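In: please work out how this folds:
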Amino acid sequence: MHEDEFELYDLTVTVEAIEGNCTCTMNIGDCFHLSGGKLSLPAGQNFCVYALQAALPLLPAKQRRNHPADWMETDARVTCPDPACRLIMRIDRVGRRVFQHDAVSPIAWDALSSHQGEEAPVQTGL
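Out: Below is the predicted model of the structure:
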């Protein structure tokens with residue numbers, strides 16, 4: 001890989017179990033896919049927004065290679081926040097994809113790499 005490239009895992013999040021009463025008509029095997037920052041569903045399928053919001057905060061960390069002892073490397077399940085539903089999802093890494101910095105950031109890599117070793121400029125104007 002070039003110095004301006006990095007890898008992310010593609011992910012599939014699959015409903016593994018429903019131990020309660022799911023009122024969103026989810027079924028075991030329902031899933032969504034994440035490639036980079038793009039989420040997709042299989043044709044004709046939907047996914048509960050409440051279950052989705054429980055998984056979303058974990059996905060950027062699951063897309064990256066972490067230290068082998070990091071819990072993100074070993075733990076792969078998340079539950080829907082509805083206590084009556086008790087829907088359990090499994091996050092699987094299903095492939096890897098290479099991204100180029102300038103394709104995913106408005107800050108040019110060349111501008112960053114020319115200042116390597118220097119302290120990053122502080123952004124103001126909050």
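
In: where does the protein dip in pLDDT?
Out: For the chain, applying pLDDT under 70 flags the ranges 114-126.

In: got the residue ranges for the helices in it?
Out: Counting by DSSP state H, the chain has helices at residues 49-55, 59-62, 71-74, 101-104, 109-113.

In: which among the ones you listed is found nearest to M1?
Out: Set against M1 and scored by C-beta to C-beta, these come closest in helix 101-104, at 11.2 Å. From N, CA and C alone the C-beta is placed, and that goes for glycine too.

In: residue ranges of the strands in the protein, please?
Out: 5-18, 31-35, 38-40, 77-79, 87-100 (DSSP state E).

In: show me the one of these that comes nearest I107.
Out: Each of the strands of the chain was checked against I107 via C-beta to C-beta, and the shortest separation belongs to strand 87-100, namely 13.0 Å.

In: which elements pack onto the closest one?
Out: For strand 87-100, the elements it packs on are strand 5-18, helix 49-55, helix 59-62, strand 77-79, judged by 3 or more C-beta pairs under 8 Å, 6 or more residues apart in numbering; DSSP states H and E.

In: if we use 7 Å, what do you get?
Out: With contacts defined as 3 or more C-beta pairs under 7 Å, 6 or more residues apart in numbering; DSSP states H and E, strand 87-100 has these neighbours: strand 5-18, helix 49-55, strand 77-79.

In: out of the ones you listed, nearest to P68?
Out: P68 sits nearest to strand 5-18 of all those, at 14.9 Å, using C-beta to C-beta.

In: compute the inter-axis angle for the closest one and strand 87-100.
Out: 170 degrees (axes from the mean of the first three to the mean of the last three C-alpha atoms, to 10 degrees).

In: of the helices of the chain, which is nearest I28?
Out: Closest among these, once you apply C-beta to C-beta, is helix 49-55, at 12.6 Å.
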